[in-house]
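> When you get a sec, could you give me coordinates for this:
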Amino acid sequence: RAGNAALQAEKGGGREIRLRDKTKPAKAPAGGLRAKPTARPGAAGIFSRRDIPSILWYAPKDKQSYLTRRRNQMQAKRKLAALLLSLCMVLGMLPMTVFAAGETTAEGLVYEVNGESVTITGYTGNEASVVIPNEIEGKPVTAIGKAAFFNCGNLTSIEIPEGIESIGVQAFQLCKKLESVKIPASVISIEERAFQSCSNLDSVTFAEGSRLETINNFAFNDCGKLTSIEFPSGTKSIGNQAFTYCTSLTSIKIPSSVTTIGENAFQRCSNLSSVTFAEESQLKDINKSVFSYCSNLTSIEIPEGVETIGESAFYGCNKLKSITIPKTVTIIGVQAFNNCENLISVEFAEESRLTTIQSSAFSDCFNLTDDIEIPSTVTSIGEYAFYRCSKLSSMTFSRKTAPSIEENTFSGCSTLNIYVPCDGTGYAGNGWPEDKVKTLHNLDHLDAVPPTCTKDGTKEYWYCPDCGGYFLDKDGEIETDEAGIIWCYSLQSM
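Numbers count the residues shown, from 1 in each chain. Reported below is the predicted structural model:
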C-alpha cells in the first residue's frame, strides 16, 4: 500500500516517483510513510521505480503497533465466538415449543411424521382448551413429544386421544392453569416431568383397561392441588419424586403389579393419611424417603414380600401410631422411622427374618411405649437405633447369642428394661447397658403340694428348664434352690 499522503504512485511503465528533495527521510504524516534512511535520492532528487521496495510502513511511536492491534482484534473475535457458542449451548438445553421443527396444523399443533405415525412436538396457539386429533395426514398420532405444551400458560384442559402411547418428557410441565387430565387406555408410559408443577391440576383419571406401566421420575411432582389418583392395575413402576409435594393428596392404593416405588416418590405429601397395598403385592423394597414427611399419615400396612425398608422411608411421619413389620423384611434402614413422634407400637410378625436394624431407625419416637419383642434373627442393631425413646418401658430379646450393638443404641431410654434369655451369652458388656439388662426366664408354674405324715410337700414355685432355676415368684426375681421349695410337716408328738 503506497500511502498517497506521502507520495503519489502513477500507473504505467517507466514513470518516476518524486519525493521531497532531502537527504534525511521526510517526516511522515500521522499514520503515514517514511523512506528507509539508507535510501537516498539521486542528483535530480528523485527515486526511481527500483527504489520503491526501500519505502517501509511503520507505526508512529505515539500509536499502538500494528501487531498489537491485530492481537487485540483476534482476542476480541475469540471472545465473541466463545460467547456465541455458550449462548447456543444454553438455548439448546431449554425446552423449545414455539421453535419446534415440523408442520403445523390450523389449530397450532406442531407435529412430525415418523414413518407411519405422528408425534406432536409443539403448540403455537393460545387456546384454553386443546383437542389433539387421533390422526394427522391420515396417520395415527401415537406420542406427545418432549416439552410439546411446556409452559402453555392459558391451557386449562387437554383432550388426549386413544392411540397415544407415550406422554413425553416435560410435555405439560408448568401448565399452571391445567385443571384435569384423562389418560387414555393406550398410554404405556408417562415420562419424566410430564406434568410437573401443574399447580392447578386436581384430577388425573385413567381410562378403563389402561395399559400404563411406567410413571417416570418427577412426573406429577409439585402438583399441589391433586387430591387423588387411582393407579391402573398393570402399573409396574412409580419413579423417583413422582408425586413429591402433592400436598393435597389424601389417599393412595398401590396395585399388586407395582414392583418399584422410587426414592422420595411421595415425600412431603403432607395431607396423605392412608396408604394401602393390594393383596399379593410384588413390591420388594420401600426405598429411601418414599413417605418421609407425610405428616398426616396415620396408618400403613406394609405388604408381605417387602424385604427392605429403606433409609428415612417414614421419617417425620408424625401421626403414624402403629406399624407392623412383615416377616419378609430383613433390613430396617437408617432413620427409617426416625422422628415418628406419635408412634406407640412396633410389632414384628411371627417367623420374622429380620437381621438388621440400622442406626437411628427408631430415634426420637418419644411416645413409643408398648413392649417391643425383637426377633431372634436380629444380629445387629446400629447406633442411636432407639435414641430418646423416653417412654419405652421394655424390650425383649429371645436370641441366645446377643446381637451386636453400640454403646449409644439405647441412649436416652430412661425407663427402659431390657429382658434377655437366662442362658444367653454376650449380653454383659459389649455396649449393653448393665443397669437396664434383666434376665428373662422361661418359667413353668407348679402348684403347691401339701405335705403328708409320710411325705414332704412342695411350695408353689416356678421352674426354668433353660437354666434349671427355682423361683418363688412369677417374675423370676426371687430365686431359691430345690431345698427351698420343700414344704415339711413338723412332727410334734406320737
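
> In three-state terms, label residue 71 for me.
helix (DSSP: H, G, I helix; E, B strand; the rest coil).

> Can you give me the end-to-end span of stretch 479-486?
End-to-end distance of stretch 479-486: 14 Å, with CA to CA, to the nearest Å as the criterion.

> That one: how far from the chain's middle?
63 Å (CA atoms, centre = their mean, to the nearest Å).

> in that stretch, what counts as buried?
By neighbour count with 16 or more other CB atoms under 10 Å, stretch 479-486 contains the buried residues 479, 485. Yep, even glycine has a C-beta here, placed from its N, CA and C like the rest.

> From residue 344, how far out is residue 372?
11 Å (CB to CB, to the nearest Å).

> And for residue 291?
18 Å.

> Of those two, give the one with the bigger neighbour count.
Shown here are residue 291 and residue 344; by other CB atoms under 10 Å, residue 291 has more neighbours (24 against 15).

> surely that one meets residue 264?
No. The pair residue 291 / residue 264 is not scored as a contact, 9.4 Å apart, by CB atoms under 8 Å.

> need the contact list for the closest residue to residue 262 other than its chain neighbours.
Leaving aside its chain neighbours, residue 262 sits nearest to residue 240 (3.7 Å; criterion: CB to CB, 6 or more residues apart in numbering). Residue 240 sits next to 217-218, 262-265 when contact means CB atoms under 8 Å, 6 or more residues apart in numbering.

> want to throw those residues into a markdown table with distance to residue 166, secondary structure and neighbour count?
What follows is the contacts of residue 240, written out as a markdown table (distance: CB to CB, whole Å; DSSP: H, G, I helix; E, B strand; the rest coil; neighbours: other CB atoms under 10 Å):
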| residue | distance to residue 166 | secondary structure | neighbour count |
| --- | --- | --- | --- |
| 217 | 15 | coil | 20 |
| 218 | 16 | coil | 25 |
| 262 | 19 | coil | 20 |
| 263 | 23 | coil | 19 |
| 264 | 24 | coil | 25 |
| 265 | 21 | coil | 25 |
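
> Export these to a markdown table and append columns for distance to residue 119 and pLDDT.
Output for the contacts of residue 240, formatted as a markdown table (distance: CB to CB, whole Å; pLDDT from 0 to 100):
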| residue | distance to residue 119 | pLDDT |
| --- | --- | --- |
| 217 | 21 | 98 |
| 218 | 21 | 98 |
| 262 | 26 | 98 |
| 263 | 30 | 98 |
| 264 | 30 | 98 |
| 265 | 28 | 98 |
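
> of all these, which two lie farthest apart?
Farthest pair in the contacts of residue 240 (CB to CB) is 218 and 263. Separation: 11.5 Å.

> Please enumerate the shared neighbours of those two.
Common neighbours of residue 218 and residue 263 (CB under 8 Å, 6+ apart) are 240-241.

> hang on, isn't residue 151 packed against residue 173?
Yes. Under the criterion of CB under 8 Å, residue 151 makes contact with residue 173 at 7.1 Å.

> Of these two, which one has the most company?
Ranked by neighbour count (other CB under 10 Å), residue 151 and residue 173 place residue 173 first, with 24 against 15.

> Could you check how far that one is from residue 191?
Distance from residue 173 to residue 191, by CB to CB: 11 Å.

> ditto for residue 376
From residue 376 across to residue 191, the span is 47 Å (CB to CB).

> Please say which of those two ends up with more neighbours.
The neighbour count for residue 376 versus residue 191, taken as other CB under 10 Å, is higher for residue 191 (22 against 15).

> what's the nearest residue to the more buried one if we skip its chain neighbours?
Residue nearest to residue 191 in three dimensions, not counting chain neighbours: residue 169, with 4.6 Å by CB to CB, 6+ apart.
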